[in-house]
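Trainee: Just the structure for this:
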Amino acid sequence: MDAPETRIEIADERLIPLLREGAVLECLWTGATWCEGPVYLPDGRLVWSDIPGNRLLVWQEGEAVREYLEPSHFQNGHVLDAGGRIVGCSHGERAIVRQEHDGSWKVLVGEYQGKRLNSPNDVVVAKGGSIWFTDPPYGLIQPHEGYGGTQEQPGQEVYRFDPDTGDIRVLVRGMICPNGLAFSPDETVLYVGDTAGTHTGERYWPEAHHHIMAYDLVNGEATNARLFAEVSPGFPDGFRVDVYGNVWTSSGSGVQVYAPDRTRLGEISVPEVIGNLTFGGPNGTTLFIVASSSLYRMEVNVRGATA
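Mentor: Below is the predicted model:
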């Protein structure tokens, strides 16, 4: 396939040392309907979602892309836990699921206060093992991304779930469509994207949000809510934080990079709308990008703070 043009916008010189001189954007594969949820495994495989295709795909250097799970029950975001197991967000099962070491998939949590979750979207695992996830209704309102159903929760929240005790709590209320999320490297800040602008109008919500909010994490609570970044064009569908605390986020035109002080450092242009991204590779410095129908990668000079 033709290599995409590598175009980088430098808006702040702090972006320069994060990039690898001479690195190019590569398209590794194309053929999905809408890509999301990449997670890099220690054995060199990258697993990601083709949500409308109701399947997970897997890539490994030198091998053909193949299906990893079909049907996937419309899984979306993924992350690894401390045991190396994939934790995923299942739109179809309206649950957080985990792949066990024997390859089977287990539902970890699908209810809050006796009512079914909406359609978990993205997920991170804290150093202590708790699982944090967003729960917008996309899998309920989009027939091509879930099995439908009635929304039982009164809102769209951000949850923390303890897989050891089964305790589940709402940590962030009041967002319209919480989507991507990530911790700062020291886990003192939680970043959460709100992508309500993907569905506006009379049937949905008047707020056309396309921003990332930041919350201080103090004594187990999310406090001091504040706007971190307005992402345009497009939406902060998914993002990762590097070891220096910079936020690398999806958008409609490329991977946008923001410093912890909210300064937009610049953008790596990508020829398709981005769903999500992650760091991986042998040294942790490969930026994998899932965008619309394709999988891309680019070598950079920084590692992700988490998987």
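Trainee: Tell me which helix or strand comes right after the longest strand anywhere in the chain.
Mentor: Criterion DSSP state E: the longest strand present in the chain is strand 221-230. Using DSSP states H and E, the helix or strand that directly follows strand 221-230 along the chain is strand 239-241.
Trainee: sorry, back to before: CA-only coordinates of the longest strand of the chain, as CSV, when you get a sec.
Mentor: Only the C-alpha atoms of strand 221-230 are listed here, as CSV (Å, rounded to 0.1, in the frame of the first residue of the first chain):
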residue,chain,number,x,y,z
GLU,A,221,-12.0,11.4,44.9
ALA,A,222,-11.9,13.3,41.6
THR,A,223,-11.9,17.1,42.4
ASN,A,224,-11.2,20.5,40.9
ALA,A,225,-12.8,19.8,37.5
ARG,A,226,-11.3,22.1,34.8
LEU,A,227,-11.0,22.3,31.1
PHE,A,228,-7.8,20.9,29.8
ALA,A,229,-8.1,21.2,26.0
GLU,A,230,-10.6,21.9,23.3
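Trainee: Parallel or antiparallel, which strands does it pair with?
Mentor: Strand pairing for strand 221-230, determined by DSSP bridges: strand 211-218 (antiparallel).
Trainee: CA atoms of the strand it pairs with as CSV?
Mentor: Provided in CSV are the C-alpha atoms of strand 211-218 (Å, rounded to 0.1, in the frame of the first residue of the first chain):
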residue,chain,number,x,y,z
HIS,A,211,-12.9,18.7,25.0
ILE,A,212,-10.8,17.0,27.6
MET,A,213,-11.4,17.7,31.3
ALA,A,214,-8.8,17.3,34.1
TYR,A,215,-9.6,16.3,37.7
ASP,A,216,-7.3,16.2,40.6
LEU,A,217,-7.3,12.8,42.4
VAL,A,218,-7.2,13.4,46.2
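Trainee: Pull the residues that contact it.
Mentor: Residues external to strand 211-218 that are found in contact with it (Cβ atoms under 8 Å, 6 or more residues apart in numbering): 171-172, 175, 180, 183, 187-194, 222-231, 236, 239, 247, 249, 258. Placement of C-beta: from N, CA and C, glycine included.
Trainee: May I see the buried residues of that strand?
Mentor: Neighbour counts over strand 211-218 (16 or more other Cβ atoms under 10 Å) mark 211-215, 217 as buried.
Trainee: one step back: in the longest strand of the chain, what's buried?
Mentor: 222, 228-229.
Trainee: Just to check, residue 235 is in contact with residue 198?
Mentor: Yes - between residue 235 and residue 198 a contact is recorded at 6.1 Å, counting by Cβ atoms under 8 Å.
Trainee: The two: who's more crowded?
Mentor: residue 235 (28 against 18; other Cβ atoms under 10 Å).
Trainee: Let me know how buried the nearest residue to that one once chain neighbours are set aside is, in neighbour terms.
Mentor: Once flanking residues are discounted, residue 235 sits nearest to residue 195: 4.3 Å by Cβ to Cβ, 6 or more residues apart in numbering. Look at residue 195: counted by other Cβ under 10 Å, it has 28 neighbours.
Trainee: Report the contact partners of residue 195.
Mentor: Counted by Cβ under 8 Å, 6+ apart, residue 195 has contacts 136, 177, 179-180, 209-210, 235-237.
Trainee: Identify, from those residues, the entry nearest to residue 79.
Mentor: Closest approach between the contacts of residue 195 and residue 79, by Cβ to Cβ: residue 180, at 11.6 Å.
Trainee: For the helix or strand hosting residue 179, which outside residues touch it?
Mentor: Assessed by DSSP H and E, residue 179 sits inside strand 178-183. Under the criterion Cβ under 8 Å, 6+ apart, residues 77, 121-124, 126, 132-136, 156-158, 172, 189-195, 212, 217, 235-241, 247, 249-250, 276, 305-306 lie in contact with strand 178-183.
Trainee: Same check on stretch 145-152?
Mentor: 34, 51-52, 73-74, 76, 91-92, 94, 115-116, 118-119, 137-140.
Trainee: and the end-to-end length of that stretch?
Mentor: 18 Å (Cα to Cα, to the nearest Å).
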